[in-house]
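**Student:** Need the 3D shape of this:
(one chain, ligands or ions: 1)
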Amino acid sequence: MKVIETVREMQAFSESMRMEGKKIALVPTMGYLHEGHLSLMREGRKRGNCLIISIYVNPTQFGPAEDLDKYPRDFERDEALARNVGVDVIFYPSNEEMYPEHYQTYVNVEEVTDNLCGLSRPGHFRGVTTVCAKLFNMTKPNVTIFGQKDFQQLVTIKRMVTDLNMDLEVVGLPTVREHDGLAMSSRNTYLKEDERESALSLSRSLKLAKELYDAGERSAAEIISKMTAFIEEHPHTDIDYIKICDTTTMKDVQTIERESVVALAVRVGLPRLIDNYVFGEPLNI
Ligand code: AMP
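**Tutor:** Below you'll find the model as predicted:
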């Protein structure tokens, strides 16, 4: 397994892989790897014969009051985990490599980023799409794999790839959860013991939404109000949003008719956690 730190070397490596006829799979991450990331890598291993992951905590997707400096990092541990799943290259660039002096170009996907995390985290998706577009140009993937855990991000990346005619396939994979249902996240490490207990209210509220839907409930307001009441019973929770949206437009729906997702963001102690459930799909909690 190689670790590549410069853009020039990354592009040369990917170009040589392409010349050899290899299919390149890319898994972009911010590191502090967990089973969710590893599931994407295993899929990348299957879909490509050259597997690249990137580890980069991208400053342009963090707001000024967010956790950029505190974001957990452990490169040695990540290296061992990546080697174990058969990663060929870790692309591990510095901020200077990614955003050199005079940098001034950004990619902005419009409507699907207006709602949900786009409302709570202004500029977040602009940072995400910019860094992903750059990573695609640096690693030249044929296929890239993202988690449905960040549902709006996945929709946004798919939109960008379609709209800008990027010649690669975007694959979304289901959320990997802890044994008790908590969606895996690098930010779970911020949770204190009693907060972790309260954090379970996110996935449990999604289970409640699924049960209501399966019993025939189609009113978004009804489902949201029951989820809100449930989460508010738990200490340390502060709901940012709970919304039900059309999965194509990411606009709020009042009645669930077309494919819809219930998405939520809740601060539990320090971290702001997100989770979601697409109605009609399985939920293994
Ligand atoms: P991050 O390092 O948090 O930026 O995530 C990198 C990639 O891993 C993104 O595509 C995420 O959606 C995905 N991911 C994060 N957590 C999970 C999870 N619990 N299950 C599946 N994918 C995940």
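
**Student:** Walking through the protein, point out its helices one by one.
**Tutor:** Taking DSSP state H as the criterion, the chain contains helices spanning 7-19, 35-47, 75-84, 95-98, 117-120, 124-139, 151-163, 193-214, 220-232.

**Student:** right, and these - which one's nearest the ligand?
**Tutor:** Shortest distance between the ligand and these, using Cβ to the nearest ligand atom, is found for helix 35-47: 2.4 Å. C-beta here means a position set from N, CA and C on the backbone, and glycine is covered the same way.

**Student:** Now distance to Asn284 too, for the helices of the chain, in CSV please.
**Tutor:** Listed next are the helices of the chain as CSV, based on distance: least, Cβ to Cβ, whole Å:
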stretch, distance to Asn284
helix 7-19, 35
helix 35-47, 13
helix 75-84, 23
helix 95-98, 36
helix 117-120, 24
helix 124-139, 27
helix 151-163, 16
helix 193-214, 10
helix 220-232, 19
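
**Student:** tell me which parts of the stretch 101-250 of the chain are close to the ligand?
**Tutor:** Applying Cβ under 6 Å from any ligand atom, one finds that the stretch 101-250 of the chain approaches the ligand through 146-147, 149-150, 173, 175-176, 183-186.

**Student:** Tabulate the helices of the chain (CSV), appending mean neighbour count, distance to Val107 and mean pLDDT.
**Tutor:** Output for the helices of the chain, formatted as CSV (neighbours: other Cβ atoms under 10 Å; distance: least, Cβ to Cβ, whole Å; pLDDT from 0 to 100):
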stretch, mean neighbour count, distance to Val107, mean pLDDT
helix 7-19, 16, 17, 98
helix 35-47, 19, 22, 98
helix 75-84, 15, 26, 98
helix 95-98, 14, 14, 98
helix 117-120, 18, 14, 97
helix 124-139, 22, 4, 99
helix 151-163, 20, 6, 98
helix 193-214, 19, 30, 98
helix 220-232, 16, 31, 98
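
**Student:** among those, which is nearest Pro271?
**Tutor:** Evaluated over those, closeness to Pro271 peaks at helix 193-214, with 8.3 Å, by Cβ to Cβ.

**Student:** neighbouring contacts of that closest one?
**Tutor:** Helix 193-214 is contacted from outside by 177, 180-183, 188, 191, 222-223, 226-227, 230-231, 233-237, 242, 256, 262, 264, 266, 268-269, 273, 275-277, 279-280, 283, 285, using Cβ atoms under 8 Å, 6 or more residues apart in numbering.

**Student:** Tell me which residues touch the most centrally placed residue in the chain, please.
**Tutor:** Nearest residue to the geometric centre of the chain (Cα atoms, centre = their mean): Asp150, 3.5 Å. By Cβ under 8 Å, 6+ apart, the contact list for Asp150 reads Ile274.

**Student:** so what pLDDT did it get?
**Tutor:** As predicted, Asp150 sits at a pLDDT of 98.

**Student:** Arg121 too?
**Tutor:** Looking at Arg121, its pLDDT is 97.

**Student:** Now do the contacts for it.
**Tutor:** So Arg121 contacts 63, 66 (Cβ under 8 Å, 6+ apart).

**Student:** Can you give me the distance of it to the ligand?
**Tutor:** To the ligand, Arg121 is 13 Å away according to Cβ to the nearest ligand atom, to the nearest Å.

**Student:** Tell me the spacing between the closest residue to the ligand within the stretch 101-250 of the chain and Met184.
**Tutor:** Closest approach between the stretch 101-250 of the chain and the ligand, counting by Cβ to the nearest ligand atom: Gly147, at 2.2 Å. Remark: distance between Gly147 and Met184 (Cβ to Cβ, to the nearest Å) = 9 Å.

**Student:** again with Leu116
**Tutor:** Taken as Cβ to Cβ, the span from Leu116 to Met184 is 20 Å.

**Student:** Glu217 too?
**Tutor:** 28 Å.

**Student:** These two: who's more crowded?
**Tutor:** In this view Glu217 and Met184 are compared by other Cβ atoms under 10 Å, and Met184 has more residues nearby, 19 against 14.

**Student:** The more buried one: what's it in contact with?
**Tutor:** For Met184, the contact set (Cβ under 8 Å, 6+ apart) comprises 34-36, 149, 175-178.

**Student:** State the pair within those that is farthest apart.
**Tutor:** Comparing every pair within the contacts of Met184 by Cβ to Cβ identifies Lys149 and Glu178 as the most remote, at 12.4 Å.

**Student:** on that earlier part again, and the residues of the stretch 101-250 of the chain next to the ligand, which of them are in strands?
**Tutor:** 146-147, 173 (DSSP state E).
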